[in-house]
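Asker: need a structure here:
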Amino acid sequence: MPDASLLQLMWLASPALPIGGFSYSECFEAAVDTGLVATEADASLWLRDQLQLSLARADLAVLAQAVPAWQNDDHERIAALNGWVLQTRESSELRAQAEQMGRSLLEWLRNHTTARSAQIDILAALQPTYPLAFALAASSTGAPLRDCLLSYAFGWAENMVQAAIKSVPLGQSAGQRILSALSADIPVAIDHALALADDARQAFSPMLAILSARHEIQYSRLFRS
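Answerer: Prediction:
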């Protein structure tokens, strides 16, 4: 991969990217509040399950199809994938997360050089979600598709580990051990996502949906989801 492509993917995966990812825990905080996650081992297992059962079957699978759709200017496909993300978020706060991060990444793209103005206009007209906005940013890097998914998954993993450190709470060394375990599982999750057809893609994580609904009215919380 060219150096410029690798640097762009690292940039997109960085927690410092100003899209607000640090403010979400994707129901992890609610899992801690209800006692489902209380230790480092619990946190590691929870996030590894979420990677395999949720991210690999939904967002990564969407990304696997959205990156080539942007590269081929397949606007109908892009709109369909974005609509699928909006329709399959299982709570209002999870949908709000996808929309807010999508809008923020859209604004980042407006001030960057990784997408054409016509593509940005198409994304803006869609009520953009984060997976589709990320796919547009990644599609312009020239990086291989698999590496684009690696960037997305590692960015997700870093944000979730930081959420675990703050909410369990855990130490930095524990966080690094969890991130190591997630990193070992990410390639398998990406292989699964790349192999999924439209009729196999799914967003069905009942416990996450229940916890998200609880989190929306949780008495005290650090995160927006």
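
Asker: got a list of what Ala66 touches?
Answerer: Ala66 makes contact with 77-78, 81, 131-132, 135-136, 139 under the criterion C-beta atoms under 8 Å, 6 or more residues apart in numbering. No exception for glycine: its C-beta is placed from N, CA and C like everyone else's.

Asker: OK, contacts around the residue minimising distance to the centre of the chain?
Answerer: Centroid-nearest residue in the chain, with C-alpha atoms, centre = their mean: Trp156, separated by 5.1 Å. Listed by C-beta under 8 Å, 6+ apart, the contact partners of Trp156 are 51, 55, 59.

Asker: what about it, which SS state?
Answerer: helix (DSSP: H, G, I helix; E, B strand; the rest coil).

Asker: related to what we said a few turns ago, buried only: go through the contacts of Ala66 for me.
Answerer: Buried members of the contacts of Ala66, counted by 16 or more other C-beta atoms under 10 Å: 78, 81, 131-132, 135-136, 139.

Asker: now flag whichever of those residues is closest to Arg221.
Answerer: Nearest to Arg221 out of the buried ones among the contacts of Ala66 is Pro131 (C-beta to C-beta; 24.5 Å).

Asker: got the contact list for that closest one?
Answerer: 59, 62-63, 66, 81, 85, 98, 102, 152.

Asker: if we go to 6 Å?
Answerer: 59, 62-63, 85 (C-beta atoms under 6 Å, 6 or more residues apart in numbering).
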